[in-house]
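K.L.:
how does the following fold in three dimensions:
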Amino acid sequence: MKRNLIFSLALLLAFPLFAQTPEDLDRDRSKYATYSFSKDDQYTVETPYETVTVKQPKSKKVKNVIFLIGDGTGLSQWSVGWVANGGKLNIDQMPVVGFSRTYCTDRLVTDSCAGGKDGGSITHKVSLSDSYAVNVARGKMLPLGDITSHLKTYTPPAEADHVSSIDFASATDLSATATANSYIVTAAGKYKIKLVKGNSSDSVGEVNGQELLWETYNTDETVTANSVIAALDRHIDGGTGDRYLVFETPATLKPGNALIAAKDASDNILWSWHIWIPETAITMIDDADFYTAKIMDRNLGALTAATASSATLPTYGMYYQWGRKDPFPGSAVSTGSFSTVSGPLANTYAIQHPTAFINVSESDSAGNWSTDGNDTAWDNSGSKGLYDPCPVGYKVPAYNASTGLWVNDNTGWTYNWANNNFLYGSSVFPVAGWLSSSYSPSYVGARAIILSSTVHSSPRGRLKIIRQDKSGFYYANYFKQEGASVRCVAE
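P.N.:
Residues are numbered from 1 along each chain as shown. Here you go, the predicted structure:
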């Protein structure tokens, strides 16, 4: 009775598999009710296998039990096989059939090993030290004897192979030419980035998970989850060596910013990456008087460039604590959860907590959020530092006293009071303010800070302060804890 009930359920769930297209409506479907599948060339195999009858043992005591686990099979798979083989399966003949609901203890989608667990964990596997060549006739059993001595403790791999639910092969590799802590996306689609530490080739470690930490439209508009990044997964292939985060945007690209992360088996963040989706194309300004390299027309993370007549919230961009790679949305509404923690703290803490703004009083270590030496975080002897937040092909500008960007007076600079911006030639800077030690937007509409990659006297960093309230345009050494703007330049 139980078996009949099981297969009644299986057949019920399999009904959608019999669905026919409109042009097949004139087919003779009576055979489906009479188990007559022999002439059906659409659903059955050419040569169905013959089932065998399994007899109950004569003795009441069972000497051997064969426990079969169908890897990845359920009612749907049984139904398909049942239809393909003409309405009969060997499993129909088995005297005892049951269901087991198994699951992985730390993942929604399980792999084979976790799926076969008994009581929540699997502890042993067979490991034979010698090779054997044995011929066994079909339908016969091979007595192995006592194999207890050949069993050993099984430890699942720390980083198991994982196939991305987002098509890996068709995903565009944003890290193909170089890696970075942020990547620019300009079209809807599927993308992948290598699981390495920012501006290096060093692995982030053994990855067992991923998370979309936050999204923002760079406005005061409420953000719908997964509207900037629709899906996120990882692709780990030990055979090929491929190790990537894979993500997909909505079919209609939504301009904004997002932060995605790779995690270990204990759910700790190993590394995170900024995904920047600008609304308009980024252009480069070539003005040797202003800076020695071409400079972006907007702040890092800005959706549009500020103009002489307009500097609104989408032009402000993201905010950065000096030497950190991860952005903060500041005044813009976002998903996710941000916090303020008391510092100074180690660089490893900043990596594992990219949404924690590290608060240090200006009298404590001169305002440096880090307990580690981080003077080369953004500039390593002229090369792009490991934690530089700019995308591939760009870097945070180094201090250069001979350029207009870092000039220590008002020369070349003008302030547009009505339109809330500062200008130097073709370069326009919105008065975006900065994030104070309590992660509060400060002096928005009155001042702005542009960070350089250079330190003066540690722990202070060199930066440009522009302020209308005192008509000042000057270079300064300031505290590394403040969250300020970055204007990337070409490498």
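
K.L.:
just the strands in the stretch 51-200 of the chain please.
P.N.:
124-126, 151-153, 172-173, 182-184, 190-194 (DSSP state E, counting those that start in this stretch).

K.L.:
the ones you listed: lowest mean pLDDT?
P.N.:
Comparing mean pLDDT over the strands of the stretch 51-200 of the chain, the weakest stretch is strand 124-126, at a mean of 35.

K.L.:
tell me the pLDDT at Ile6?
P.N.:
Reading off the model, Ile6 has pLDDT 36.

K.L.:
now do Ser112
P.N.:
57.

K.L.:
what's the burial count for the closest residue to Ser175 other than its chain neighbours?
P.N.:
Distance criterion Cβ to Cβ, 6 or more residues apart in numbering; nearest residue to Ser175, sequence neighbours excluded, is Lys194 at 4.3 Å. (Glycine included, C-beta is placed from N, CA and C.) Neighbour count of Lys194, defined by other Cβ atoms under 10 Å: 18.

K.L.:
how about Lys194, what does it touch?
P.N.:
By Cβ atoms under 8 Å, 6 or more residues apart in numbering, Lys194 lies in contact with 173, 175, 179, 243-244.

K.L.:
and the buried ones among those, selectable in PyMOL?
P.N.:
Applying 16 or more other Cβ atoms under 10 Å to those leaves a buried subset, and the PyMOL line that selects it is:
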select buried, resi 175+179+243+244
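
K.L.:
out of the contacts of Lys194, which is nearest to Val360?
P.N.:
Thr179 (29.9 Å; Cβ to Cβ).

K.L.:
list the contacts of that closest one.
P.N.:
193-194, 196, 198-201, 392.

K.L.:
do the same with Ala490
P.N.:
284, 293-295, 393-394.

K.L.:
how close does it get to Pro397?
P.N.:
10 Å (Cβ to Cβ, to the nearest Å).

K.L.:
list residues touching both of those two?
P.N.:
293, 295.

K.L.:
I'd say Gly412 and Tyr424 touch.
P.N.:
Yes: counting by Cβ atoms under 8 Å, Tyr424 is a contact partner of Gly412 at 5.2 Å.

K.L.:
compare those two (neighbour count), which wins?
P.N.:
Neighbour tally, Gly412 and Tyr424, criterion other Cβ under 10 Å: the higher count belongs to Tyr424, 22 against 17.

K.L.:
and the more buried one, what does it touch?
P.N.:
Per Cβ under 8 Å, 6+ apart, neighbours of Tyr424: 287, 290, 404-405, 412-414.

K.L.:
need phi/psi at it.
P.N.:
With angles defined as degrees, to the nearest 10, Tyr424 shows backbone torsions of phi -140, psi 110.

K.L.:
can you pull out the helices in the chain?
P.N.:
Defined through DSSP state H, the helices belonging to the chain, from first to last, are 2-14, 75-84, 90-93, 112-115, 347-352.

K.L.:
and the last one, which residues are buried?
P.N.:
Neighbour-count burial for helix 347-352, with 16+ other Cβ under 10 Å as criterion, is recorded at 347, 349-352.

K.L.:
out of those, which is nearest to Asn419?
P.N.:
Once Cβ to Cβ is applied, the member of these that ends up nearest Asn419 is Ala350, at 35.6 Å.

K.L.:
correct me if wrong: that closest one contacts Trp369.
P.N.:
Yes: checked against Cβ under 8 Å, the pair Ala350 and Trp369 is within contact range at 7.4 Å.

K.L.:
give me the common contacts of those two.
P.N.:
The contact lists of Ala350 and Trp369 share 324, 358, where a contact means Cβ under 8 Å, 6+ apart.
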